[in-house]
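Peer 1: only geometry, no sequence info:
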């Protein structure tokens, strides 16, 4: 007896819906690009971008109010990759993963890293 989800007519496998769907990040999804790359505006933008990268499971306000690490907040590696993609697209910078990634520890570390990275 065949299971309907395993094989279709003549033993052909039925198409399977993908388990993960892509969430486009960039200028059309993120509400506002930060005004400059320092201080509170960057921190606010990063919290919003991270909330978007988490599919809204963690609000920007929760991220801003927390002094916990991204891991403690439940932010996944997929969300972190989405956040990095958004940062690179919006701020027109390249983030190097070749060494220590201390800057992905929490919101304050990431804000500091990006502020230092974009300083002339």
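Peer 2: Nice, I can see it. Small disclaimer: the values here were computed from a predicted structure and weren't measured. Numbers count the residues shown, from 1 in each chain.
Peer 1: Which neighbouring elements make contact with the helix or strand encompassing residue 114?
Peer 2: Residue 114 is part of helix 107-118, with elements assigned from DSSP states H and E. Counting contacts by 3 or more Cβ pairs under 8 Å, 6 or more residues apart in numbering; DSSP states H and E, helix 107-118 is packed against helix 39-53, helix 77-91. To be clear about C-beta, it is placed using only N, CA and C from the backbone, and glycine gets the same treatment.
Peer 1: and the gap between the nearest residue to residue 66 once chain neighbours are set aside and residue 59?
Peer 2: Excluding its sequence neighbours, the residue lying closest to residue 66 (Cβ to Cβ, 6 or more residues apart in numbering) is residue 73, at 5.9 Å. Residue 73 is 11 Å from residue 59, where distance means Cβ to Cβ, to the nearest Å.
Peer 1: neighbour-wise, which of the two wins?
Peer 2: residue 73 (17 against 14; other Cβ atoms under 10 Å).
Peer 1: Enumerate every residue touching that one.
Peer 2: 58, 62-63, 66 (Cβ atoms under 8 Å, 6 or more residues apart in numbering).
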